[in-house]
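1. Need coordinates for the below:
(chains A, B and C)
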Amino acid sequence: MNFSAELIAWYDQNKRDLPWRNTTDPYIIWLSEIILQQTRVEQGLPYFNRFANTYPTVAHFAAATEDDILRLWQGLGYYSRGRNMLKTARMVMEQYNGLFPSDYEELIKLKGIGEYTAAAIASFSANQAKAVVDGNVFRVLARYFGISEPINSSAGKRLFQQIADDMLDQARPALHNQAMMEFGAMLCKPKNPACGICPVRIGCYAFKNNAITTLPVKINKIKVRKRYFNYLLIFKNGKILINKRGENDIWANMYDLPLIESSELLEIEQVMTLVRENIYGVNVTLKDNSGIIKHILTHQQLFIRFLVFTELPKKLHGGWFYTDITNLDNLALPKSVFKFIKDFFNF
DNA sequence: AAATCGGGGAT
DNA sequence: ATCCCAGATTT
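-> As a prediction, this is how the structure comes out:
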């Protein structure tokens, strides 16, 4: 057996039972693929089930509002995925008569669908001979062939795509792609891969040369930005003051609280000075504060503090509005903000 | 080519 | 702490 056949045989014996593997509906496969971008199967699975149940067809999806989608996406991160999905669902309704495409060249035109996702949908739904290259495939190929070209350089991406294309089983691309990814996720893992039971270790460069820990190669380490968020939790008579965020920063178009961001960590009194100057215009009583809550994201470290007030400011800034506390369940809030408010009001 | 976009789990 | 996850888009 060749490399691909070995992995398919392994897959046949070891695959997980996942709901999106039981369909060839490109819409359902699209749902799963977008949700799983940069997301572990275990984390994405409940979201997939909620989306598939709430929006059984692309027509249902296209009829949703952005608030609906973001609310259902709440907690999953990388929210532009959800916003792009709505654009794509509406494009499918208008340009494809509601019939979700399964051809690579059509899929790649849609919002939020890149090379990987187009190949995944095309192969899984229509058995098109397009090789997927995701994080798993990068790792499997780098180790097996001993490729030290960085996986996140332009040359590296081209090289790995080329190799993946060459390896693809033209007769059963869907099975091949599933096998490559499942093998990478379950056996050829980043840490402590199960080389002892690996069906292709005899031909594996990394196994033979003890290079498991050095492959694949990745360059450019991300730099983390530190930000200091002072959130104002202002409520009275069952109403809470909410802010709708803009389109650029993190959590685009989502909801949070009136925010005073500072470039460094401030003392409470320094924040209160800003609150008096910029929010109330007069003296105001601080009812409570949360202390610093550290929230770690991939590219940012957020040092969040919540300040509680029960007096209402005279003027509202852009994006601010009052809503019933009971309506908070309908708004898409960042995980960290949602958790604090939820605990604070005990709902 | 580099930066940006979340949150969570494994080590 | 560090790495990475069924990556894509913008700068």
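2. which residues sit against the strand or helix carrying A:Val137?
-> Per DSSP states H and E: A:Val137 is located in helix A:135-145. Outside helix A:135-145, the residues that touch it by CB atoms under 8 Å, 6 or more residues apart in numbering are A:3, A:131, A:147-148, A:151, A:160, A:163-164, A:167, A:180-185, A:188, A:190, A:193, A:200, A:203-207, A:211-212, A:215-217. Every C-beta, even on glycine, is put in place using the N, C-alpha and C of the backbone.
3. Quickly check: it near DNA strand C or not.
-> Yes - applying CB under 7 Å from any atom of the strand, one finds that helix A:135-145 is in contact with DNA strand C at A:135-136, A:138-139.
4. Could I get the average pLDDT for stretch A:225-239?
-> Regarding stretch A:225-239, the rounded mean pLDDT is 97.
5. Report the backbone C-alpha coordinates of that stretch in PDB.
-> The C-alpha trace of stretch A:225-239 is given here as PDB (Å, rounded to 0.1, in the frame of the first residue of the first chain):
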ATOM      1  CA  ARG A 225      -0.500  43.600  22.800                       C
ATOM      2  CA  LYS A 226      -1.400  44.600  26.300                       C
ATOM      3  CA  ARG A 227      -4.600  46.500  26.700                       C
ATOM      4  CA  TYR A 228      -6.400  48.000  29.800                       C
ATOM      5  CA  PHE A 229     -10.200  48.000  29.700                       C
ATOM      6  CA  ASN A 230     -12.200  49.800  32.300                       C
ATOM      7  CA  TYR A 231     -15.800  48.800  31.800                       C
ATOM      8  CA  LEU A 232     -18.600  50.700  33.300                       C
ATOM      9  CA  LEU A 233     -21.500  48.600  34.500                       C
ATOM     10  CA  ILE A 234     -24.300  51.200  34.800                       C
ATOM     11  CA  PHE A 235     -27.800  50.000  35.700                       C
ATOM     12  CA  LYS A 236     -31.000  51.200  37.300                       C
ATOM     13  CA  ASN A 237     -34.500  50.000  37.600                       C
ATOM     14  CA  GLY A 238     -33.900  46.800  35.600                       C
ATOM     15  CA  LYS A 239     -32.100  48.600  32.700                       C
END
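6. Let me know whether that stretch sits next to DNA strand B.
-> Yes - using CB under 7 Å from any atom of the strand, stretch A:225-239 reaches DNA strand B at A:Arg225.
7. Next, the contact list for the residue nearest in space to the middle of chain A, please.
-> Closest to where the C-alpha atoms of chain A average out (CA atoms, centre = their mean) is A:Tyr78, at 4.1 Å. With contact set as CB under 8 Å, 6+ apart, A:Tyr78 has these partners: A:37-39.
8. DNA strand B next: which of those are close?
-> For DNA strand B, the contacts drawn from the contacts of A:Tyr78 by CB under 7 Å from any atom of the strand are A:38-39.
9. possible to save the contacts of A:Tyr78 as a markdown table with secondary structure and neighbour count?
-> A markdown table is the format used below for those (DSSP: H, G, I helix; E, B strand; the rest coil; neighbours: other CB atoms under 10 Å):
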| residue | secondary structure | neighbour count |
| --- | --- | --- |
| A:Gln37 | coil | 14 |
| A:Gln38 | coil | 11 |
| A:Thr39 | coil | 17 |
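10. between the contacts of A:Tyr78, which is closest to A:Ser123?
-> Within these, proximity to A:Ser123 (CB to CB) peaks at A:Gln37, which comes in at 16.4 Å.
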